[in-house]
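Participant: Dropping a prediction and its sequence here:
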Amino acid sequence: EIFESLVGSFKAMSEESPFIEKWLGVGSVGTTATQIWKAGKVAWNFVAVIRNIVGGAIAADAYGDVNKLMVIPRITQALQGLMGKGSLESRRGAAVAGRMGAAGTGYAAQELGLMENSLLRRAKTEVSWLKRLGYGIKDVWAWAPKKYGQVELVLKTAVIIDQLAKGKSEQEAMRVANHAIFDYSNVPPWVRYLRATPFIAPFVTFPYKNFPRLVSTAIKRPWKLIPYYFAGAALDALIRSWFDVDDDDIEKLRANMPLWMQGEADMMILPYQDENGKWQAVDLGFYFPWGGINDAVKAAYQGRPEEIPANFGFGGGPYADLVAMIKTNRDPRTDRKIFDPALPPSDQMANAVMWMWRMMAPSWVTDQGAARHLYDALTKQVDPRTGEMKDTTPQAIARFFGANLYEFDPDDAYNRNMSRLYGQILDVEAEIQKISLDQSLSEEQRDKDMDKYIARAEKFIQEMNEYSERALGLTPKLQRGPQRGGR
């Protein structure tokens, strides 16, 4: 049991193992590929690292009972202590973290394959040069996960120092640290299996640990969560004050955001317009440890149950995404087409390869990442659809710190939203037309299918009318600057 906890998902594959197990079982080539993919999306993606540092600091406050004003000082003490410097309190906290094995309980050690590397090194002299080359590449790739593990260790040590300062025992301090900055080694076998098996739930450990902590904190110490959940209300208050509007006006403005933004639980409108007069919104869910849970709740409330599993760590990963691309030609995250079937085959292939690069690479280096946005801003690249700059410099720089600023023009967003909603109706009408002309259907089957699609069309018409009613009548004070007349 101790070995299982330390090694995580490692499982040796023998030459007699079935082919499918070697490629897709726990400890297989598929598991290694999933670990490499995770490392690229987390440890090598410094934007995600920054988000997770902020999220860890918030967790130290909300789950670890560190006073909000003491989070940064405790992190500073932890850094000093781990370097053998600072006060006696700092060095003692670092020593406790070392004795209690804090470094081996984090995400990097348990899910990115670092501990497997130590076992693989023993076998390097016993395998072919090709496999040794593979092990060497994996060792190089492990550099970032090791550094990420040090980030986790700093956060845990900060909580330990805080607990010791409150007079807690070393064991209790470590328990609270593992409660706040999750202990990825202490999970049941089914979670260990799901996170290590390709296709199923590569990120299931975090929501498995996070959900009960959020519920417990909401019941026992709700004041810890209130400032975070009321961040949006504080921004709305600034908009009301600076633009001289009321709550109904702000709801109208929110209804004139792009539909996909409206589906994000922690998407908040900032109280200013950029140099192009467009409103700015930011998704703080990337920083909140409970951001995925909030999105799941909102998806359930808005009648999008198909999105709930992904917010709890199920689905996703390189294999599931690839299968989805082949079967549906749609990005599972955005529901957009990956390539247009009307394009020449070479263009379709280029779009598919670009999509796979986005899926596998650290997001900041892709064509949709922070580096590309900064390039577009500095070179003043123009959006061919609008004739305006794609990004402003502040927007691009913010992305390097994990803050994706999304601009929107209420008029343009309204027109696009209506077009999308109307497009749903046209798609259903096209299906109704096909059914009416399908001579292979019996009269009974045709009527049954027609009734189903007519009901669906009526539902979409109702959704479009309800949306239009919510969005129309936006005050000129909140329209794109310079102000212009309302709809």
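Facilitator: Yep, that arrived.
Participant: after the strand or helix carrying R195, next one along is what?
Facilitator: For R195, the element it lies in under DSSP states H and E is helix 189-196. Heading C-terminal from helix 189-196, the first helix or strand you meet, by DSSP H and E, is helix 205-220.
Participant: Give me the mean pLDDT for the helix or strand following that following helix.
Facilitator: Elements were assigned by DSSP H and E; along the chain past helix 205-220, the next helix or strand is helix 226-229. Helix 226-229 shows a mean pLDDT of 93.
Participant: Tally up the residues packed near the spatially closest residue to D376 that is not a sequence neighbour, please.
Facilitator: Distance criterion Cβ to Cβ, 6 or more residues apart in numbering; nearest residue to D376, sequence neighbours excluded, is K390 at 4.5 Å. Bear in mind the C-beta positions are built from the backbone N, C-alpha and C, glycine included. K390: 19 surrounding residues under other Cβ atoms under 10 Å.
Participant: For K390, list the residues it contacts.
Facilitator: With contact set as Cβ atoms under 8 Å, 6 or more residues apart in numbering, K390 has these partners: H373, D376, A377, Q381, V382, D383.
Participant: In JSON lines, list these along with pLDDT.
Facilitator: What follows is the contacts of K390, written out as JSON lines (pLDDT from 0 to 100):
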{"residue": "H373", "pLDDT": "89"}
{"residue": "D376", "pLDDT": "89"}
{"residue": "A377", "pLDDT": "88"}
{"residue": "Q381", "pLDDT": "86"}
{"residue": "V382", "pLDDT": "85"}
{"residue": "D383", "pLDDT": "81"}
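Participant: For the helix holding R195, the averaged confidence score.
Facilitator: According to the model, helix 189-196 has a mean pLDDT of 81.
Participant: same thing with stretch 387-400?
Facilitator: Regarding stretch 387-400, the rounded mean pLDDT is 85.
Participant: low pLDDT regions in the chain?
Facilitator: By pLDDT under 70, the weakly predicted segments of the chain are 1-30, 104-138, 141, 198-199, 315-320, 332-335, 482-487.
Participant: Give the burial count for the closest residue to M70 other than its chain neighbours, as a bare number.
Facilitator: In space, and not counting its chain neighbours, M70 is closest to D162: 6.6 Å by Cβ to Cβ, 6+ apart. For D162, the neighbour count with other Cβ under 10 Å is 27.
Participant: from the chain's centre, how far out does the helix holding R195 sit?
Facilitator: Between the centre of helix 189-196 and the centre of its host chain there is 20 Å, according to Cα atoms, centre = their mean, to the nearest Å.
Participant: What are the buried residues along that helix?
Facilitator: Residues of helix 189-196 classed as buried: V191, R192, L194, R195, A196 (neighbour count, 16 or more other Cβ atoms under 10 Å).
Participant: The fourth one and K209 touch, don't they?
Facilitator: No. Here R195 does not reach K209: they are 11.4 Å apart, not a contact under Cβ atoms under 8 Å.
Participant: which is the next helix or strand following the helix or strand where the residue nearest to M70 lies?
Facilitator: For D162, the enclosing helix or strand under DSSP H and E is helix 143-165. Using DSSP H and E, the helix or strand that follows helix 143-165 in sequence is helix 170-180.
Participant: what's next to that following helix, contact-wise?
Facilitator: With contacts defined as Cβ under 8 Å, 6+ apart, helix 170-180 is touched by 59-60, 62-66, 93, 96-97, 99-100, 102, 105, 155-157, 159-160, 163-164, 168, 186, 213.
Participant: And those residues, which of them are buried?
Facilitator: Buried members of these, counted by 16+ other Cβ under 10 Å: 59-60, 62-66, 93, 96-97, 100, 102, 105, 155-157, 159-160, 163-164, 213.
Participant: Point me to the residue sitting closest to the centre of the protein.
Facilitator: Closest to where the C-alpha atoms of the chain average out (Cα atoms, centre = their mean) is F286, at 6.1 Å.
Participant: quick one, what contacts that residue?
Facilitator: Contact partners of F286, counting by Cβ under 8 Å, 6+ apart, are R51, G402, A403, N404.
Participant: and which of those residues is nearest D412?
Facilitator: Closest approach between those and D412, by Cβ to Cβ: N404, at 18.8 Å.
Participant: D283 is in contact with that closest one, correct?
Facilitator: Yes. With contacts counted by Cβ under 8 Å, N404 reaches D283, the gap being 6.1 Å.
Participant: In space, what's closest to A296 - neighbours in sequence excluded?
Facilitator: Using Cβ to Cβ, 6+ apart, the closest residue to A296 is N311 (3.8 Å).
Participant: now for the helix holding R195, which elements pack on it?
Facilitator: Counting contacts by 3 or more Cβ pairs under 8 Å, 6 or more residues apart in numbering; DSSP states H and E, helix 189-196 packs against helix 205-220.
Participant: re earlier: out of N404 and D283, which sits in the busier spot?
Facilitator: Comparing N404 with D283 by other Cβ under 10 Å, the one with more neighbours is D283, at 20 against 16.
Participant: pretty sure that one contacts I269?
Facilitator: No. If you go by Cβ under 8 Å, D283 and I269 don't touch, sitting 11.1 Å apart.
Participant: Buried residues of stretch 357-376, list them for me.
Facilitator: 358-364, 366, 369-374, 376.
Participant: now stretch 342-360
Facilitator: Neighbour counts over stretch 342-360 (16+ other Cβ under 10 Å) mark Q348, N351, W355, R358, M359, M360 as buried.
Participant: returning to that earlier point: the residue nearest to the centre of the chain and D447, how far apart?
Facilitator: Distance of F286 to D447, computed by Cβ to Cβ, to the nearest Å: 49 Å.
Participant: and if you look at Y406?
Facilitator: Distance, Y406 to D447, using Cβ to Cβ: 45 Å.
Participant: cool, and K146?
Facilitator: With Cβ to Cβ as the criterion, K146 and D447 are 65 Å apart.
Participant: could you pull out the strands for the stretch 351-487 of the chain?
Facilitator: Ranges of strands in the stretch 351-487 of the chain, per DSSP state E, counting those that start in this stretch, are 382-383, 388-389, 405-408.
Participant: just the stretch 201-350 of the chain next, same as before
Facilitator: 267-273, 279-283.
Participant: okay, the ones you listed in JSON lines with distance to M174 next?
Facilitator: Shown next, in JSON lines, are those (distance: least, Cβ to Cβ, whole Å):
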{"stretch": "strand 267-273", "distance to M174": "36"}
{"stretch": "strand 279-283", "distance to M174": "34"}
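Participant: of all these, which lies closest to Y467?
Facilitator: strand 267-273 (16.9 Å).
Participant: Identify the residues contacting D247.
Facilitator: D247 makes contact with D236, R240, according to Cβ under 8 Å, 6+ apart.
Participant: so how far is K298 from it?
Facilitator: According to Cβ to Cβ, D247 and K298 sit 19 Å apart.
Participant: follow-up on the earlier one: just name the closest of the buried residues of helix 189-196 to R221, please.
Facilitator: Nearest to R221 among those, counting by Cβ to Cβ, is V191 at 25.8 Å.
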